[in-house]
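>>> Fold the stuff below for me.
(chains A and B)
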2 protein chains.
Amino acid sequence: MDTGRAPHIAIDAMGGDGGPSVMIAGAALALQRNPALRFRLVGRESEISAELAFHPALAKASTIVHAEEVVSGEDKATQAIRRAKTTSMGLAIADVKGGAADAAVSGGNTGALMAMSKLALRTMTGIDRPALAALLPTLGDNDVIMLDLGANTECEAKNLVEFAIMGAAYARTVLGVRVPRVRLLNIGTEEMKGTEELRNAASELRAADHLHLRFDGFIEGNQIESGETDVVVTDGFSGNIALKSIEGTARFITDLLHRAFSSSLRSKAGFLLSRPAFKLLKVHLDPNNHNGAVFLGLNGIVVKSHGGADVSGVANAIDVASKLVVNQITRRITEDLDTIHNRQAAQPVITGSAA
Amino acid sequence: MDTGRAPHIAIDAMGGDGGPSVMIAGAALALQRNPALRFRLVGRESEISAELAFHPALAKASTIVHAEEVVSGEDKATQAIRRAKTTSMGLAIADVKGGAADAAVSGGNTGALMAMSKLALRTMTGIDRPALAALLPTLGDNDVIMLDLGANTECEAKNLVEFAIMGAAYARTVLGVRVPRVRLLNIGTEEMKGTEELRNAASELRAADHLHLRFDGFIEGNQIESGETDVVVTDGFSGNIALKSIEGTARFITDLLHRAFSSSLRSKAGFLLSRPAFKLLKVHLDPNNHNGAVFLGLNGIVVKSHGGADVSGVANAIDVASKLVVNQITRRITEDLDTIHNRQAAQPVITGSAA
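Predicted coordinates:
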């Protein structure tokens, strides 16, 4: 959309485990942080109005869009698509398509959100496949962006190159990094490692100049959180495996810690004394602080808030959406796509043998 | 080998970051735990003799096999193979091939060890591709076995089925589980998720009766360490990504904990008080307690000890090797392979369409 006005965000008020109360309180918090925002709250009018009574400032900055139905967590994407015109998720996306909103935020069913968004907004010119990107914590100063996380089970080299461009545009927008460091996830860092698709994508990225990113080669799974890269690019299968392995291990170690500190009176006392340290750890690992996965590569901005996100998590997802609007993510992706395509057009022979 | 005699283990005394002193002290500890073991210590005779002076019991239970050269961590597999007859790694494997040893243990270069083992010992009849399997800690009572971890970048359905059979035989041997619970790593647990290879492998495993395992369907990356399964089967690419993501996250959180507990005097005091709790956590996460990755599917047993393993870690890897010998892992794998192949021979039409 145009940048002359404040971002209008369509909120699927019914999605997410906490329902309207969490989504609407999240919007209220986002408004408090950025008073210029405007909202379209999509869902059952009576429930939304009841919640808005607690948030008078948000009420003034919002329009309610009534939707009778809700996409459930169990709905298959194919079922959800058929109810695009009656569900809160479908109407929030329709708001983006129609121009009433600049971005949509939903905490609902990921598969349904992806399918509905793709159908309604269509893939950007020059992009073969959209991808799902998320933020993960690192030991460095910034979060790291990883994509794709499950939208594309199998990928060709050109898809991975597109993911690199989209991920870098996302990093420039959300992390504020001028020239994002980009790597391809692989099972070794040597040039000959991994699949043919990975090797071809690497040589394509190595050869491309004038992109708004710095390609640093391959990265292994144990370096994702090291802080040495801004964008980790991978196919949706490996990305999903990596993301969930990371989540599972964080949970595993937190559970072990909990067990260890409950094992004796001395440990319990130590825990009480160490509470500030644990709080610091919790803040760093809290998924709410990294909330807001994005479907990149569509003609419109759709942000997925974690189903279990709390009020602050929802506000963070809305913040991500508004940054993507203000920084014109779509235009940034288009610029780098043009660079890649011009290079391919200029050097057909080299590209033909390398990709 | 025959089971009438105590296991003879060939030790690549030169491999591993700690060199002969750690490998030989590890063998001494393994002998202390199981006095029936016999060793062939392969490497530079002078260095081995010097270390054996500290371990008189091990000296009596060992034969030294002189090898002039050592495979380095930087050697490519193709280079290492050419020096199979002069390196400690190559001669340890040759001992298994020749029958002087029942198993080999090395802490050296994984790629070289895999290539040398495959070339010298050859793949078992009925197995298309060997796989690398390792143990990971869980919240349950037992470790979990994951394979393949990088030997095969891309896999067909039949490879995954073979990995399931080999992993289950490994679980019966090392974890002592009578009927191991086996799952395929995927990006969702529904039947239609993932690649065609995964879906075909699942239907093959679901259909096969009389295997010494229970196939429980798919598992996601966040459940690997939950303790709900004994064997996680995957292709080498995803397995490597999952394993390294797990390792990286464990390191990430440990570093965060360290930072948090160094952040204030109060936290430092809490740390001191909580030391027993942290020790408990450390024991659970210490890779030495899960040391001993195995190349499954070869005509002979080769165990990879972690390069950075300490004395107790090396002893654990030797313990894994000796259990595999005593429990005749190769025979167990052959039994289940026969079951699968008989089923395929009996039902050619169904197999043809399903796989």
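
>>> Direction-wise, compare the top helix by length along chain A with helix B:236-261 and give the angle.
Looking across chain A with DSSP state H, the single longest helix is helix A:236-261. Between helix A:236-261 and helix B:236-261, the angle comes out at 40 degrees (axes from the mean of the first three to the mean of the last three CA atoms, to 10 degrees).

>>> Helix or strand: which one has A:Ala169?
helix A:157-174 (DSSP states H and E).

>>> just to revisit the earlier point, ok and the longest helix of chain A relative to helix A:157-174, angle-wise?
Here helix A:236-261 runs at an angle of 50 degrees relative to helix A:157-174 (the same axes, to 10 degrees).

>>> any idea how far whichever strand or helix holds A:Glu197 is from the chain center?
Using DSSP H and E, A:Glu197 falls within helix A:196-207. In terms of CA atoms, centre = their mean, to the nearest Å, the centre of helix A:196-207 is set 24 Å apart from its chain centre.

>>> what do you get for stretch A:59-68?
With CA atoms, centre = their mean as the basis, stretch A:59-68 stands 25 Å off its chain's centre.

>>> Next, the distance between the ends of it.
Counting by CA to CA, to the nearest Å, you get 20 Å between the two ends of stretch A:59-68.

>>> mind listing what's buried in the next helix or strand after the longest helix of chain A?
Once the chain leaves helix A:236-261, the next helix or strand it forms, by DSSP H and E, is helix A:265-273. Of all the residues in helix A:265-273, those buried under the rule 16 or more other CB atoms under 10 Å in any protein chain shown are A:Ser267, A:Gly270, A:Phe271, A:Leu273. To be clear about C-beta, it is placed using only N, CA and C from the backbone, and glycine gets the same treatment.

>>> ditto for stretch A:164-179
For stretch A:164-179, a neighbour-count test (16+ other CB under 10 Å) marks A:164-175, A:177 as buried.

>>> One more: stretch A:203-212?
By 16+ other CB under 10 Å, the buried positions in stretch A:203-212 come out as A:Ser203, A:Glu204, A:Leu205, A:Ala207, A:Ala208, A:Leu211, A:His212.

>>> Could you do stretch A:252-263 as well?
A:Phe252, A:Ile253, A:Leu256, A:Leu257, A:Ala260, A:Phe261.

>>> give me every residue that touches the third one.
By CB atoms under 8 Å, 6 or more residues apart in numbering or on different chains, the contact set of A:Leu256 is B:Leu139, B:Leu281, B:His284, B:Leu285.

>>> again, 7 Å this time
Residues counted as contacts of A:Leu256 (CB atoms under 7 Å, 6 or more residues apart in numbering or on different chains) are B:Leu281, B:His284.

>>> that older thread, okay, the buried residues of helix A:265-273 in JSON lines with pLDDT next?
Below are the buried residues of helix A:265-273 laid out as JSON lines (pLDDT from 0 to 100):
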{"residue": "A:Ser267", "pLDDT": "78"}
{"residue": "A:Gly270", "pLDDT": "79"}
{"residue": "A:Phe271", "pLDDT": "77"}
{"residue": "A:Leu273", "pLDDT": "79"}
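
>>> Any stretches of chain A with poor pLDDT?
For chain A, the stretches flagged by pLDDT under 70 are A:1-4, A:347-355.

>>> If I follow the layout properly, A:Ala80 ends up in contact with A:Leu113?
No. Under the criterion of CB atoms under 7 Å, A:Ala80 is not in contact with A:Leu113, lying 8.3 Å apart.

>>> and stretch A:262-272, how far from the chain's centre?
38 Å.

>>> Report whether it contacts chain B.
Yes. Using CB under 7 Å from any CB of the partner chain, we find that stretch A:262-272 touches chain B at A:Ser263, A:Ser264, A:Arg266, A:Ser267, A:Ala269, A:Gly270, A:Phe271.

>>> Report the contact partners of the closest residue to A:Phe271 other than its chain neighbours.
Using CB to CB, 6 or more residues apart in numbering or on different chains and skipping residues adjacent in sequence, the residue nearest A:Phe271 is A:Phe261, 4.3 Å away. Residues in contact with A:Phe261 (CB under 7 Å, 6+ apart) are A:Ser267, A:Lys268, A:Phe271, B:Ser274, B:Ala277.

>>> and if we set it to 6 Å?
Taking CB atoms under 6 Å, 6 or more residues apart in numbering or on different chains, we find A:Phe261 in contact with A:Ser267, A:Phe271, B:Ala277.

>>> So for stretch A:310-327, what gets flagged as buried?
Here stretch A:310-327 shows A:310-311, A:313-325, A:327 as buried, counting by 16+ other CB under 10 Å.

>>> actually stretch A:128-147, not the one I typed
A:129-138, A:142-147.

>>> got it, and stretch A:210-228?
Residues of stretch A:210-228 classed as buried: A:211-216, A:218-227 (neighbour count, 16+ other CB under 10 Å).

>>> how about the strands of the stretch 251-355 of chain A, start to end?
Under the criterion DSSP state E, counting those that start in this stretch, strands of the stretch 251-355 of chain A are mapped to A:293-296, A:301-304.

>>> Contacts for the last one, please.
Put plainly, it is strand A:301-304. Contacts of strand A:301-304 (CB under 6 Å, 6+ apart): A:103-105, A:110, A:113, A:117, A:292-295, A:317, A:320-321, A:324.

>>> switch the cut-off to 8 Å
With contacts defined as CB under 8 Å, 6+ apart, strand A:301-304 is touched by A:93, A:96, A:102-107, A:110, A:113, A:117, A:121, A:132, A:292-295, A:317-318, A:320-321, A:324-325, A:329-330.

>>> and the residues you listed, which are buried?
Among the contacts of strand A:301-304, those buried by neighbour count (16+ other CB under 10 Å) are A:93, A:96, A:102-107, A:110, A:113, A:117, A:121, A:132, A:292-295, A:317-318, A:320-321, A:324-325, A:329-330.

>>> hang on, the earlier thing: biggest separation within the buried residues of helix A:265-273, which pair?
Distance extremes for the buried residues of helix A:265-273: the farthest pair is A:Ser267 and A:Leu273 at 10.6 Å, using CB to CB.

>>> All good on my end, thank you.
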